[in-house]
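Student: A structural model of the following input is requested.
(one chain, ligands or ions: 1)
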Amino acid sequence: MSDATPYTPPAVWTWNKANGGVFANINRPIAGSTHDKDLPRGKHPFQLYSLATPNGVKVTIMLEELLAAGHIGAEYDAWLIRINEGQQFSSGFVQVNPNSKIPALLDCSGPEPVRVFESGAILLYLAEKFGVFVPTEPAQRAECLSWLFWQMGSAPYLGGGFGHFYAYAPVKIEYAIERFAMEVKRQMDVLNQRLAQSEYVGGTEYTIADMAIWPWYGGMAKGQLYEGGEFLQVQEYTHVIRWADEIAKRPAVRRGRMVNRAMGPLHTQLHERHDASDFDTQTQDKLQAAS
Ligand SMILES: N[C@@H](CCC(=O)N[C@@H](CS)C(=O)NCC(=O)O)C(=O)O
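Tutor: Numbering: from 1, shown residues only. Next comes the predicted model:
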């Protein structure tokens, strides 16, 4: 096996700011804010601060699904946080998520705002608040939450492990790519076997487990992440593809994918969302601008 330049760790780690990685300008070993700036606030009960990465999309899908199901109390303002510019380190953002990562949610529907961070916690908070997309029957609920937390534990291997070393690392390290490709293929097989027996991940109903898993593993199965589809031979996971295609057709999912998107084709981007009509307005403006 060929390998990267051998590296002997020093006795004490020090911060090498110019490490050359894609995220070198924002990565830092200390928590807290880097600058004073308040977050904007809109008029709706929920204020979402996010970006349309797979973790961000989970929450915008959930909010759009809640609205589509008639829960008008789920109206929200979605504000764009550009993580490559370090906006997650503003003092306002850190107050909502001390971990400085999108997505972060503020529930302003009660007397005092409630902050919620970590995408899995946000999905569960919303599901419990509105009493939907999480089963109440104990065995079904256990299955749904098991898959939700499976995603939260597994996706860092897919994104931070495979995605990072396959697509972003400044050097291609065979050991790292091999290790995470192996694990991601195992995870895809876990999901494929589950979806061979079950319509949705948690059982017969579409739940927050599907919303959490779809942007990561559905995206991977469709070859949309890290340009790693051929390398991982994702077409093998036929049951994941069947499920991913089914979910992609949902109108709320199509809307949720657009919110806080700041990359890709223009007509797929809706940087901020403050009203249901923003989807139409945005599309119309863009079609006009392109014509
Ligand atoms: N476990 C967290 C992970 C969130 C996360 O990693 N967010 C990334 C974007 S997908 C981020 O904000 N990165 C900015 C940074 O690391 O500074 C969740 O699911 O909410």
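Student: all helices for this protein, in order.
Tutor: Assigned helices in the chain, in chain order: 54-68, 91-96, 119-130, 138-156, 174-197, 208-213, 219-221, 229-232, 238-248, 251-258, 278-290 (criterion: DSSP state H).
Student: pull the CA atoms of the fourth one into CSV?
Tutor: Only the C-alpha atoms of helix 138-156 are listed here, as CSV (Å, rounded to 0.1, in the frame of the first residue of the first chain):
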residue,chain,number,x,y,z
PRO,A,138,-43.6,2.3,21.9
ALA,A,139,-42.1,-0.3,19.6
GLN,A,140,-42.6,1.8,16.4
ARG,A,141,-41.2,4.8,18.2
ALA,A,142,-38.1,2.8,19.3
GLU,A,143,-37.5,1.7,15.7
CYS,A,144,-37.9,5.3,14.4
LEU,A,145,-35.6,6.8,17.0
SER,A,146,-33.0,4.0,16.6
TRP,A,147,-32.7,4.9,12.9
LEU,A,148,-32.7,8.6,13.6
PHE,A,149,-29.7,8.1,16.0
TRP,A,150,-28.1,5.6,13.7
GLN,A,151,-27.9,8.5,11.2
MET,A,152,-26.5,10.9,13.7
GLY,A,153,-23.8,8.5,14.6
SER,A,154,-23.1,7.1,11.1
ALA,A,155,-23.1,10.2,8.9
PRO,A,156,-19.8,11.6,10.3
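Student: can you give me the angle it makes with helix 54-68?
Tutor: Compare the direction of helix 138-156 with that of helix 54-68 by axes from the mean of the first three to the mean of the last three CA atoms, to 10 degrees and you get 140 degrees.
Student: buried set for helix 138-156?
Tutor: For helix 138-156, the buried set under the neighbour-count rule, 16 or more other CB atoms under 10 Å, comprises Q140, E143, C144, L145, W147, L148, W150, Q151, M152, S154, A155. C-beta: built from backbone N, CA, C; applies to glycine.
Student: ok so, going back, now render the helices of the chain as a markdown table, adding mean pLDDT.
Tutor: As requested, those are exported to a markdown table (pLDDT from 0 to 100):
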| stretch | mean pLDDT |
| --- | --- |
| helix 54-68 | 98 |
| helix 91-96 | 98 |
| helix 119-130 | 98 |
| helix 138-156 | 98 |
| helix 174-197 | 98 |
| helix 208-213 | 98 |
| helix 219-221 | 98 |
| helix 229-232 | 97 |
| helix 238-248 | 98 |
| helix 251-258 | 97 |
| helix 278-290 | 65 |
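Student: and those helices, which is most packed in?
Tutor: Most buried of the helices of the chain by mean neighbour count (mean count of other CB atoms under 10 Å) is helix 208-213; its value is a mean of 29.
Student: Just name whatever secondary elements it is in contact with.
Tutor: helix 54-68, helix 119-130, helix 138-156 (3 or more CB pairs under 8 Å, 6 or more residues apart in numbering; DSSP states H and E).
Student: so which of the ones you listed comes closest to A24?
Tutor: Evaluated with CB to CB, the helices and strands packed on helix 208-213 place helix 138-156 nearest to A24, the distance being 19.6 Å.
Student: any residues touching that closest one, and which ones?
Tutor: Contacts with helix 138-156, where a contact means CB atoms under 8 Å, 6 or more residues apart in numbering, come from 54-55, 118-120, 123-124, 134-135, 187, 190, 194, 201-203, 205, 207-209, 212-213, 216-217.
Student: and with 6 Å instead?
Tutor: Counting by CB atoms under 6 Å, 6 or more residues apart in numbering, the neighbours of helix 138-156 from elsewhere in the structure are 120, 134-135, 187, 201-203, 207-209, 212-213, 216.
Student: cool, and stretch 224-237?
Tutor: Identification of contacts with stretch 224-237 by CB under 6 Å, 6+ apart yields G163, Y166, A167, M188, N192, G219, A221, G223.
Student: 10 Å - rerun?
Tutor: Applying CB atoms under 10 Å, 6 or more residues apart in numbering, the set of residues contacting stretch 224-237 from outside is 54, 158-159, 162-168, 177, 181, 184-185, 188-189, 191-193, 195-196, 215-223, 240-241, 243-244.
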